[in-house]
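Engineer: From the sequence below, what's the structure:
(4 chains)
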Number of protein chains: 2
Amino acid sequence: MLTIGTLAKKTGTKVQTIRYYEQIGLMPEPGRTEGGQRRYGDAELDRLSFVRHARQLGFSLDAIRELLDLSDHPGKSCAEADAIARRQLKQVEQRLARLEALRTELKRMMHECSGGQTSDCRVLEVLRDHSECLTDHEEIGA
Amino acid sequence: MLTIGTLAKKTGTKVQTIRYYEQIGLMPEPGRTEGGQRRYGDAELDRLSFVRHARQLGFSLDAIRELLDLSDHPGKSCAEADAIARRQLKQVEQRLARLEALRTELKRMMHECSGGQTSDCRVLEVLRDHSECLTDHEEIGA
DNA sequence: GCTTGAACCTACAGTAGCTAGAGGATGTAA
DNA sequence: TTACATCCTCTAGCTACTGTAGGTTCAAGC
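Structural biologist: Purely as a prediction, here's the structure:
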């Protein structure tokens, strides 16, 4: 039986985050001691590891909920899990593309900075001059 | 004199976002009509364009505040603006590296998916098996 | 058995950067 | 004058946590 602190350490999670996951129904309500403290078993350790691993791969909590559901029903089609992963990959690739564009523009901007006063600063000038801006009001999801 | 809606359209911002920027002090309080509606001039249009452009480049609102401050004081050293941009570039490159790693792992995961039942699903299996996880409890900022 | 102190508990507030909705007032064109 | 798009304020919500206050429980050492 693990305390919440031990579980936190084993999974690289903060204690509050575990309680938060419980609150939003991602983790089950665990057993308690007489005094009311949470105690966890291996099932919870596995589940939390799954969640954390998926988070590290950038899956949203909603996507993780779906994945956990699939995982809980071994008879379901693998295609759904694959679709979720595919969606995730697409998102990652979109972000990559945008970040690469940002890097290019940032580098260009800085490259032209003369090092003088802000009145001559290319960094500020580029930001000021939206006519040089190539994007057409796209949002940034960083 | 521009209404808030026109300003929003011209800069690709939502009306609520402009009011939000005013609320947090990023945009000045504009003049009002007798009836209390906001009216904007060119200075505000420029400032908002600057803000949006910087946001598109991934700068945080705090960083933008600093940049605006530098922009308002033409005598200050350009080095500060350069440092902010450099910090931003570093962050972008860190995110890029992480996203690239994610893409690799996602692809590997999906590549091995057989398409059968979830009980044999590699996607779920990889997520379950944290021994295969190469990262050591790093957080994801995606 | 008693003390001590780390770790636990709940509840609430705060973070970034918006976005959405309710319910009502204003501006403008026909 | 009337219609209706747009504006106003205020409040709450979103994601995914994180932090704090004020109090309780557990386990180890004496």
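Engineer: what bridges to the closest residue to A:T33 other than its chain neighbours?
Structural biologist: The shortest distance from A:T33 to any non-neighbouring residue, by CB to CB, 6 or more residues apart in numbering or on different chains, is to A:R39 (6.1 Å). To be clear about C-beta, it is placed using only N, CA and C from the backbone, and glycine gets the same treatment. Beta-bridge partners for A:R39, by DSSP bridges, are A:G31.
Engineer: surely A:F50 meets B:E125?
Structural biologist: No: using CB atoms under 8 Å, A:F50 is not in contact with B:E125, being 10.4 Å away.
Engineer: Can you report how many residues neighbour A:R65?
Structural biologist: 15 (other CB atoms under 10 Å in any protein chain shown).
Engineer: repeat for A:T118
Structural biologist: Look at A:T118: counted by other CB under 10 Å, it has 23 neighbours.
Engineer: Run through the residues that contact it.
Structural biologist: By CB atoms under 8 Å, 6 or more residues apart in numbering or on different chains, the residues touching A:T118 are A:L124, B:L70, B:S71, B:H73, B:P74, B:G75, B:K76, B:S77, B:C78, B:E80, B:A81.
Engineer: Quick check on A:F50 and B:E125: which one has the bigger neighbour count.
Structural biologist: A:F50 (20 against 17).
Engineer: Assign the most centrally placed residue in chain A to helix, strand or coil.
Structural biologist: The C-alpha lying nearest the average C-alpha coordinate of chain A belongs to A:G58 (CA atoms, centre = their mean; 4.0 Å). Of the three states, A:G58 takes coil according to DSSP: H, G, I helix; E, B strand; the rest coil.
Engineer: Now it: phi and psi?
Structural biologist: Backbone torsions of A:G58, given as degrees, to the nearest 10, read phi 90, psi 10.
Engineer: Look up how far B:L124 lies from it.
Structural biologist: Shown here: A:G58 relative to B:L124, a distance of 16 Å by CB to CB, to the nearest Å.
Engineer: and A:L106, how many neighbours does it have?
Structural biologist: Number of residues near A:L106 (other CB under 10 Å) recorded here: 23.
Engineer: actually A:I4, not the one I typed
Structural biologist: 19.
Engineer: now the one residue in chain A that gets nearest to DNA strand D, what's its secondary structure?
Structural biologist: Across chain A, no residue is closer to DNA strand D than A:G35, which sits at 2.3 Å (CB to the nearest atom of the strand). Secondary structure assignment for A:G35 (three-state DSSP): coil.
Engineer: so how far is A:S119 from it?
Structural biologist: The gap separating A:G35 from A:S119 is 66 Å, by CB to CB.
Engineer: between those two, which one's more packed in?
Structural biologist: The residue with more neighbours, out of A:G35 and A:S119, is A:S119; 13 against 5, by other CB under 10 Å.
Engineer: Grab the nearest non-local neighbour of the more buried one.
Structural biologist: Spatial nearest neighbour of A:S119, excluding adjacent residues (CB to CB, 6+ apart): B:P74 at 3.6 Å.
Engineer: A:T11 touches A:S49, doesn't it?
Structural biologist: Yes: using CB under 8 Å as the test, A:T11 is close enough to A:S49 to be in contact (5.6 Å).
Engineer: List the contacts of A:L45.
Structural biologist: Contacts of A:L45 by CB under 8 Å, 6+ apart are A:L2, A:L7, A:K10, A:T11.
Engineer: Also within reach of DNA strand D: list those from these.
Structural biologist: Among the contacts of A:L45, proximity to DNA strand D is found for none (CB under 7 Å from any atom of the strand).
Engineer: now the residues you listed: which count as buried?
Structural biologist: The neighbour count (16 or more other CB atoms under 10 Å in any protein chain shown) marks A:L2, A:L7, A:T11 as buried among these.
Engineer: Mind putting those residues into JSON lines with distance to chain B, secondary structure and pLDDT?
Structural biologist: Shown next, in JSON lines, are the buried ones among the contacts of A:L45 (distance: CB to the nearest CB, whole Å; DSSP: H, G, I helix; E, B strand; the rest coil; pLDDT from 0 to 100):
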{"residue": "A:L2", "distance to chain B": "16", "secondary structure": "strand", "pLDDT": "96"}
{"residue": "A:L7", "distance to chain B": "13", "secondary structure": "helix", "pLDDT": "97"}
{"residue": "A:T11", "distance to chain B": "8", "secondary structure": "helix", "pLDDT": "94"}
